[in-house]
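Trainee: Build me a structure from this.
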Amino acid sequence: MDADVDTELLLKAGVAVQDRFLSASACRALIDCAQVRRDRGEFAAARIGTGGRLQHRPEIRGDSICWITEPPQPAEQALLARLENLRLALNRTLLLGLFDIELHYAWYSPGTGYARHVDQPLGALQRQVSLVLYLKDWTPAAGGELRIFDDGGGYRDIAPIGGRLVSFLSSGREHAVLATHRERLSISGWFRTRSN
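Mentor: Next up is the predicted model:
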């Protein structure tokens, strides 16, 4: 990989931020893929909960999402290959037993965000490492930062800069997406272990 995630930092701090994980041209190609999927009607309002208890609650989660499913478009395939290298590196260095990945686009309209939450639904521990990859250029006035909370009651805000990959250990890690003031597009997902 030409832009490595700091696996030691991920293990020690629980969060790693890698700028320029993807080039501007690779981000542009993924934005185009997302637009194609949006034009085909593949995006839907995100829901919260699990199983039969899924609910659309825009006051909690305001994005629309589209799962990256088979067959992926060429730019998506290139990203999946890149993330596969990361999965293998994490298994090699952190011995996490990561088996697969699930990914989706997250498209936030102005004024929307995602309230404080964790990525491991109650009783489901397969999600081990959370990933957020930002695709669009960003300025401080745009909002939409990722807020990651720590165990001591503090937090860290991470700007959604295009090409930046944020990785964090999923277990118990509370985080939120602050309200965005313009469209915000990212790819979010998880490296998972096998079912328990």
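Trainee: hey, where'd the helices end up in this structure?
Mentor: Here the chain has its helices, by DSSP state H, at 7-13, 24-39, 74-94.
Trainee: Need the contact partners of the helix-or-strand element of the chain with minimal mean pLDDT.
Mentor: Least confident helix or strand, the chain: helix 7-13 with a mean of 78, by mean pLDDT, DSSP states H and E. If you take C-beta atoms under 8 Å, 6 or more residues apart in numbering as the criterion, helix 7-13 is touched by Val15, Ala16, Ala89, Leu90, Thr93, Leu94, Val129, Ser167, Phe168, Leu169. C-beta here means a position set from N, CA and C on the backbone, and glycine is covered the same way.
Trainee: and the nearest residue to the third one once chain neighbours are set aside, how far is that from Val166?
Mentor: Read it as Ala89. Computed as C-beta to C-beta, 6 or more residues apart in numbering, the closest residue to Ala89 that is not its neighbour in sequence is Thr7, at 6.3 Å. Distance from Thr7 to Val166, counting by C-beta to C-beta, to the nearest Å: 14 Å.
Trainee: Comparing these two, which shows the higher neighbour count?
Mentor: Counted by other C-beta atoms under 10 Å, Thr7 and Val166 do not tie: Val166 has more neighbours, with 23 against 17.
Trainee: Run through the bridge partners of the more buried one.
Mentor: Val17, Val132 (DSSP bridges).
Trainee: now His117
Mentor: With DSSP bridges as the rule, His117 is bridged to His175.
Trainee: can you pull the contacts of it?
Mentor: Contacts of His117 by C-beta under 8 Å, 6+ apart are Ile48, Ile60, Arg61, Glu174, His175, Ala176.
Trainee: Filter these down to just the buried residues.
Mentor: Ile60, Arg61, His175, Ala176 (16 or more other C-beta atoms under 10 Å).
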